[in-house]
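Visitor: Let's see this in three dimensions:
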Amino acid sequence: MSFQRARTDEQRSERRRQILAAAAAMLTEMPVADLTLTALSRRVCLAKANVLRYFESREAVLLALLEAEVADWIAELESAAFPGGGTVRERGDRLADLLATSLVRRPALCDLVSAQSTVLEHNISAETALQHKRAVHGYLETLVRFAGTHLPELGHEDAAALMQTVMLVAVAAWPASRPPQAVLDAYAADPALDVMCVDFTDVVRRAVEVTASGLLARNQ
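Guide: Next up, the predicted model:
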């Protein structure tokens, strides 16, 4: 397949969408760590140099994909049925369950978030970093408003603290809940080690429940 350079803004945007769609499809088959620029360029039938016409690096592709995944997650949260009423604790527990179960259904998002600070924010320019951080800041503000809608007792500052905790716990819990085969074999060999197994959904749910309860108690 011969390369034809995209010449209009519309063509460039479409080419970027094609690259992102290919990367998203690849993340259903492999973890972020295994997605290389070479493999991505083959998937979209472009030379690596031509992929780099649209994204400055592999990491820039994955950061853009992370932004798209977060936007999709927020859309899902905002469209989810969330029963009103109940005590503050009951509403906090329902919010915790919604956040945990919606995240675990999005393995690509969890994998990307886990790699964001340690991998994806390296090998990018300051300009790309600025654009990415501004986009993420906007999404976090939307998440804070979402949490505040369901737990208005928190206030903006504590709703922000709650959502920050959610994301930080997800960053740590996701890789811990998916250990390599050698570790799984060790757990199988010694049942006493079961206590070290991490269930991502339970950890995130419990973190949100406890953090929300603690923040509300401090306000009282």
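
Visitor: Now the helix or strand hosting residue 166: buried residues?
Guide: Here residue 166 sits within helix 155-176, counting by DSSP states H and E. The neighbour-count check on helix 155-176 (16 or more other CB atoms under 10 Å) flags 158-163, 165-167, 169-171, 173-176 as buried. The C-beta positions use only the backbone N, C-alpha and C, and glycine is treated the same way.

Visitor: Mind picking the one among those that's closest to residue 131?
Guide: residue 167 (19.3 Å; CB to CB).

Visitor: Okay, helices next: where are they in the chain?
Guide: Counting by DSSP state H, the chain has helices at residues 9-26, 37-43, 48-51, 58-79, 88-104, 107-115, 126-150, 155-176, 181-189, 200-219.

Visitor: Turn those into CSV, columns for mean pLDDT.
Guide: Converted to CSV, these look like this (pLDDT from 0 to 100):
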stretch, mean pLDDT
helix 9-26, 92
helix 37-43, 95
helix 48-51, 92
helix 58-79, 96
helix 88-104, 95
helix 107-115, 97
helix 126-150, 96
helix 155-176, 96
helix 181-189, 94
helix 200-219, 94
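
Visitor: Tell me which of those is the most buried.
Guide: Mean neighbours per residue, mean count of other CB atoms under 10 Å, is largest over those for helix 107-115, with a mean of 22.

Visitor: chain center to that helix: distance?
Guide: 5 Å (CA atoms, centre = their mean, to the nearest Å).

Visitor: Can you tell me what sits against that helix?
Guide: Contacting residues not belonging to helix 107-115 are listed as 24, 27-28, 31-33, 62, 65-66, 69-70, 72-73, 103-104, 120, 167, 170-172, 174-175, 200 [CB atoms under 8 Å, 6 or more residues apart in numbering].

Visitor: Same check on stretch 14-27?
Guide: Stretch 14-27 is touched from outside by 6, 35, 39-40, 43-44, 46, 51, 54-55, 61-62, 64-65, 68-69, 107-108, 111-112, with contacts defined as CB under 8 Å, 6+ apart.

Visitor: send the alpha carbons of that stretch over as CSV?
Guide: What follows is stretch 14-27, C-alpha atoms only, in CSV (Å, rounded to 0.1, in the frame of the first residue of the first chain):
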residue,chain,number,x,y,z
GLU,A,14,-9.1,11.2,9.7
ARG,A,15,-5.6,9.8,9.5
ARG,A,16,-5.1,10.4,13.3
ARG,A,17,-8.5,8.7,14.0
GLN,A,18,-7.3,5.7,12.0
ILE,A,19,-4.1,5.4,14.0
LEU,A,20,-5.9,5.8,17.3
ALA,A,21,-8.5,3.2,16.3
ALA,A,22,-5.8,0.8,15.4
ALA,A,23,-4.0,1.4,18.7
ALA,A,24,-7.3,0.8,20.6
ALA,A,25,-7.9,-2.4,18.7
MET,A,26,-4.4,-3.6,19.6
LEU,A,27,-5.0,-2.9,23.3
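
Visitor: Fine by me, we can end here.
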